[in-house]
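Enquirer: sequence unknown, structure follows:
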DNA sequence: GTGAAAGCGCTAACAC
DNA sequence: GTGTTAGCGCTTTCAC
């Protein structure tokens, strides 16, 4: 049962797997017909469809998507770049992305850039080399080199979790500045007088921080700041509250750049006998799955990470299928979920 | 600047990207030589290397890995199947896997099966179609159909987070039964008399539960059980403790099938005025990043998810590079990290 | 509705 | 060390 009865040829490798050729031969049709039976069943006769389906079942054939991708210049792969999946903030987005893409027959390739721009550049080449049908970036692509390479590659790009007046291509995000301002307004309305903020040192957190500071200054409220390294942790939240209280014992509100930090702050408050929310209002960011069930339940800024992931997937699939994208920037907004902690 | 000066041929598509051909022509060498300059620099002369490198830089060429994979029957893709990345337990593993693979030039493809076997089967076809160089499964592949397809595909498989006497191929895990037994022994030594367990209804949790029950029975200790749906959450931990106390108010120890559940139990305990660890010892599972910094700090079963991910990556890379694998089963073990909560 | 031919971009095999 | 040739497995184009 060798090649195909043809004369001796130069030997060749090959995976040894069942190919479309095998299926077609078994079904008694041309390879292209078998191909059509699989990808566009409506274009073949019922008879052919039946024979091909049977041949597939008998051989256990699974289409080689890589080969198909090479021929059609569509890989049905989508790359996602996140700083780290351990920061639970992006989890929802990655999960939604994976699921939404899978529904359309696309597969997600995951890359972690760390919070370092240089690693992002290195990752980019690895990604472009796979000719994905789209790239989903967490945040904005800043490095000029990276922007250039992406443009040159001509791959659809969705930047997420941020807004910028100069998107590379498509964009799904929200305004971090607006978040900072909204939280100040929220705390002001609650009558808090001495604000503070615990911020990761990544760019988006800093942007929320700056807006927070400006809005507070405009309202005549003092702000005490503590930076913690990204990714943020419960532990750094605990030590941050200690630092805050040392610097300024009279703070009565703290805005944390993640719910995990907020949990840390609340834990430390409990240990130190600081009552939340009576003495200290705590506001988180991200509305993680556990936040609603903490004690006290955490007031936090809710971002719909699932919506971001789904919209990003939609953008890329639409583009890949050749549909026109009317509005390539989506602001998913945010909301402050008021619970017990503030 | 059309095809290559050749006579009019049938038109063809193509991505329009720079190809190895272009680079080779610019460098004045044959394509295969350019290919070698890029993948096996030691096999070409310094002069060729210089010319090719320059051509690459000038054109911004990025190798089409898909095409290379088709030709060499090595995709340099590795698929990982997890129930869900939201369950934070597998995060470390996925992260370590991504990083370790990236170091060797491999890329991770992520698939989520949910906790449903049928979805796992569907995913499998999507994965096999991409001809990955390896598949990393979370847990054991159970469905006979799935096992058959994987065997037939001839793709190296690493099962993780579990041990089984009948691995499909390679295995990196630990014994869930041993965990259950060890926790009973630990609690017994602490003098706890009325044990309880909150378990996710996924298979591995249930295995820990069964072993826990048996060991407790052997020691003459009663065990109260509450099941919660997987993936486990803080919320289900809270309601589980309420149920436990209703069923049996005298319980003095609870083993939770995740740290998140344990946090829920501790939260509910605090709300209900149950002192941890005095009245109730709490033991978690997973040793998540935040567990050490909770108040009280959580006693938990530590699994080295990073080691699992790294070892799985090593197995697959070794296999792909044709290195022989001497011992294809690795037990990474576990340890009980004793902190304040028990 | 079906098929023949060509070729996506790359690398293994075999010369020289 | 370098080049020629063939072909990985599929889908596009064009013809019937």
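Expert: Received it, and whenever you're ready, just let me know what you need. As the structure is a computational prediction, the values presented were derived from the model and not from experiment.
Enquirer: C-alpha from now on. contacts and neighbour counts both.
Expert: Noted.
Enquirer: And residue A:79, which helix or strand is it part of?
Expert: Secondary structure from DSSP states H and E places residue A:79 in strand A:77-82.
Enquirer: which is the next helix or strand following that strand?
Expert: The helix or strand immediately downstream of strand A:77-82 is helix A:91-103, counting by DSSP H and E.
Enquirer: ok, residues contacting that next one?
Expert: Contacts with helix A:91-103, where a contact means CA atoms under 8 Å, 6 or more residues apart in numbering or on different chains, come from A:80, A:85, A:107-108, A:305-310, A:312-314, A:317, B:84-86, B:110-112.
Enquirer: Excluding residues flanking it in the chain, which one is nearest residue A:19?
Expert: Among residues not flanking residue A:19 along the chain, residue A:61 sits closest, at 6.8 Å (CA to CA, 6 or more residues apart in numbering or on different chains).
Enquirer: how near is residue A:146 to residue B:187?
Expert: Plainly put, residue A:146 is 55 Å away from residue B:187 if you go by CA to CA, to the nearest Å.
Enquirer: out of those two, which sits in the busier spot?
Expert: Neighbour comparison, residue A:146 and residue B:187: the larger count goes to residue B:187, with 22 against 19 (by other CA atoms under 10 Å in any protein chain shown).
Enquirer: What mean pLDDT does the host helix or strand of the more buried one get?
Expert: Assigned by DSSP H and E, residue B:187 falls within helix B:176-189. Mean pLDDT, helix B:176-189: 98.
Enquirer: hang on, residue A:63 in a strand?
Expert: No. Looking at residue A:63 with DSSP: H, G, I helix; E, B strand; the rest coil, it is coil, so not inside a strand.
Enquirer: What separation is there between it and residue A:39?
Expert: 10 Å.
Enquirer: Which one's more surrounded, the two?
Expert: residue A:63 (21 against 10).
Enquirer: Report pLDDT for residue A:9.
Expert: Value for residue A:9, per-residue pLDDT: 43.
Enquirer: quick revisit: and the contacts of helix A:91-103, which of them are in strands?
Expert: A:80, A:107-108, B:110-112 (DSSP state E).
Enquirer: From residue A:46, how far off is the nearest residue to residue A:56 once chain neighbours are set aside?
Expert: In space, and not counting its chain neighbours, residue A:56 is closest to residue A:23: 6.2 Å by CA to CA, 6+ apart. Residue A:23 sits 17 Å away from residue A:46, going by CA to CA.
Enquirer: more crowded one of the two?
Expert: The residue with more neighbours, out of residue A:23 and residue A:46, is residue A:23; 26 against 12, by other CA under 10 Å.
Enquirer: Helix or strand for that one, just tell me which one.
Expert: With DSSP H and E as the criterion, residue A:23 is inside helix A:20-27.
Enquirer: returning to that earlier point: any residues in contact with both of residue A:63 and residue A:39?
Expert: Common neighbours of residue A:63 and residue A:39 are not found (criterion: CA under 8 Å, 6+ apart).
Enquirer: so which helix or strand takes in the closest residue to DNA strand C within the stretch 51-200 of chain A?
Expert: Minimum separation of the stretch 51-200 of chain A from DNA strand C (CA to the nearest atom of the strand) falls at residue A:71, amounting to 3.1 Å. Residue A:71 belongs to helix A:65-72 when elements are defined using DSSP H and E.
Enquirer: how about the residues of the stretch 101-250 of chain A near chain B?
Expert: By CA under 8 Å from any CA of the partner chain, the part of the stretch 101-250 of chain A that sits against chain B consists of A:105, A:107-112, A:125-126, A:128-131, A:149, A:153, A:233-235.
Enquirer: Show me the subset of those that also lies near DNA strand C.
Expert: Filtering those for proximity to DNA strand C by CA under 7 Å from any atom of the strand leaves nothing.
Enquirer: Show the buried residues in these.
Expert: Among those, the ones that count as buried by 16 or more other CA atoms under 10 Å in any protein chain shown are A:107-112, A:125-126, A:128-131, A:149, A:153, A:233-235.
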